[in-house]
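Chemist: no FASTA, just this:
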């Protein structure tokens, strides 16, 4: 595995975790959105990661270095199928005839935990990037 492969793997992980943070922030921002373009409340979104596959030519070229993977990528963003939360508020414009409003299926505590986990993973990858850079600099000093 080359220096640049390591950088690409760590970079892909940092990009994916940053996207995960953006989705968690979007969920928090829409925690009280009772009507979207589809007419229903906002649905919580979740990020699905997938290993970033190395194509055949790349794998063949790197056969001696035994590269196992190419990092991570965002495979898709899925909407939660959890039920909406009915809240009694007869004065709300979206209340039904019984006075209940369907609120988004977003739990802000869960979103903050996801945000902290993504932030911690991002920082861990940043540390790994620093280690890779330090190793590369030390390797350059070998010839001195």
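Modeler: Great, that's in hand. Everything quoted here is computed from the prediction, not taken from an experiment.
Chemist: list the contacts for residue 32?
Modeler: Neighbour list for residue 32: 103, 104 [criterion: Cβ atoms under 8 Å, 6 or more residues apart in numbering]. C-betas here are computed from N, CA, C, even on glycine.
Chemist: three-state assignment of residue 127?
Modeler: Recorded secondary structure, residue 127: helix (DSSP: H, G, I helix; E, B strand; the rest coil).
Chemist: How are the helices of this structure distributed by residue range?
Modeler: 3-29, 56-61, 108-141 (DSSP state H).
Chemist: State the distance from the residue nearest the centre of the chain to residue 101.
Modeler: Centroid-nearest residue in the chain: residue 20, 2.1 Å away (criterion: Cα atoms, centre = their mean). From residue 20 over to residue 101 the distance is 29 Å, taken as Cβ to Cβ, to the nearest Å.
Chemist: Tell me the pLDDT of the residue nearest to residue 35 when sequence neighbours are not counted.
Modeler: Among residues not flanking residue 35 along the chain, residue 94 sits closest, at 5.7 Å (Cβ to Cβ, 6 or more residues apart in numbering). Looking at residue 94, its pLDDT stands at 94.
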